[in-house]
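> Give me the fold of what follows.
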Amino acid sequence: MTSALFASLSVPDAFARYESVRPRLPRMPKPGAGMALPDLSAVADHVDGFLLDAFGVLNVGDTPIPGAVARIAALRARGKRLCVLTNAASYTRAGAVAKYRRLGFDFTPEEVVTSREVAAARLAVILPGGDWGAISAPEDDFHDIPARVGSVIDDPALFDRAEGFLFLSSVRWTPALQERLARAQADRPRPLVVANPDLVAPTETRLSLEPGLFAHDLIDRLGGTAHWFGKPYPDAFDDAAARLGLPRDRVAMVGDTLHTDVLGGAQAGMRTVLITGHGLFRGHDAGAAMQESGLVPDFIVPTT
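Sure thing, here's the model as predicted:
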């Protein structure tokens, strides 16, 4: 039943779901060495730049991780190049920069890449001149997206009229809306762009359910494919690597998940770092998850 899709997920449940969709994810080139280090200051001895996830690395929900602001400042002082790569597709780049600054970080707009902008830059290739029905946060006005976009939640007629669907945020998504989208796609299949491939994201108290979870459910039920933008898929890493301007093997992708951050960074030819103490694996056995999945980073650190 669709309502069961909206039930809270535990970390083991989320891990199992990620494993079940592995055929739709990029391939892991090879496991990393899994070197245990105390924090990112030690990783900095091995690389020239950092590509940083946000949730579980810089912040959890709206709370900065203790010591993260100072660590980023210290890495910058050592001359390390920095870029944030986030799957939080409800944020424009300007909105993401503003959030990080509210939390105390000093990232510039050029140091932030959102999966939203990665997807937006490619919509014209997928559906030239098309009308998109977006699944979005309530305040989203799509001013930054170079396409004709309307909200299917605010204007349900778009379920029938839209020529493609753009999944940005699940904050307002419901079982009834998931069923409505499934019927629309069954009646007339259209391109589905998923700008946040995450299944879950850590908040202060729980795992939120993210767009990737609902997109995979549609594919399981209806077949077909989706256009995925964001970690672990290549376009996001290509855009971020261009910002950093470094050889990829001199960049460390830092994240809290194996199936998005570590897998994505490895397939992009970067070094990978798993932070275990704040995000998805906080209080859980990350080592067992690595052994089961074969997704092993180059470095394992408890904190930023």
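> How about the spatially most central residue of the chain, nearest residue that isn't a chain neighbour?
Nearest to the mean C-alpha position of the chain, counting by Cα atoms, centre = their mean, stands residue 87 at 2.8 Å. The spatially closest residue to residue 87, leaving aside those adjacent along the chain, is residue 230, at 4.2 Å (Cβ to Cβ, 6 or more residues apart in numbering). All C-beta spots, glycine's among them, are computed from the backbone N, C-alpha and C.
> And the helices in the chain?
2-5, 11-20, 40-43, 68-77, 93-102, 115-120, 123-126, 158-161, 175-187, 211-222, 234-244, 263-267, 286-293 (DSSP state H).
> what does the second one contact?
Outside helix 11-20, the residues that touch it by Cβ atoms under 8 Å, 6 or more residues apart in numbering are 9, 199-200, 207, 213, 216, 257-259, 280-281, 284, 289, 292-293.
> Max pairwise distance over those residues: which two?
Pairwise distances across the contacts of helix 11-20 (Cβ to Cβ) peak at 21.8 Å, for the pair 216 and 284.
> more crowded one of these two?
residue 216 (20 against 14; other Cβ atoms under 10 Å).
> okay, now the domains of this structure?
With domains defined by automatic domain parsing, the chain comprises 22-117+231-301, 126-228.
> out of these, deepest packed?
Of the domains of the chain, the one with the most neighbours on average (mean count of other Cβ atoms under 10 Å) is domain 22-117+231-301, at a mean of 20.
> Residue 241: what's it in contact with?
Contact analysis of residue 241 by Cβ under 8 Å, 6+ apart lists 51, 248, 251, 268, 270.
> Export the domains of the chain to TSV and append columns for distance to residue 2 and mean pLDDT.
Formatted as TSV, those follow (distance: least, Cβ to Cβ, whole Å; pLDDT from 0 to 100):
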stretch	distance to residue 2	mean pLDDT
domain 22-117+231-301	20	97
domain 126-228	4	97
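> Reformat these as CSV; add distance to residue 15.
What follows is these, written out as CSV (distance: least, Cβ to Cβ, whole Å):
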stretch, distance to residue 15
domain 22-117+231-301, 6
domain 126-228, 9
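> Residue 4 is nearest to which of the ones you listed?
Short answer: domain 126-228, nearest of those by Cβ to Cβ, at 8.8 Å.
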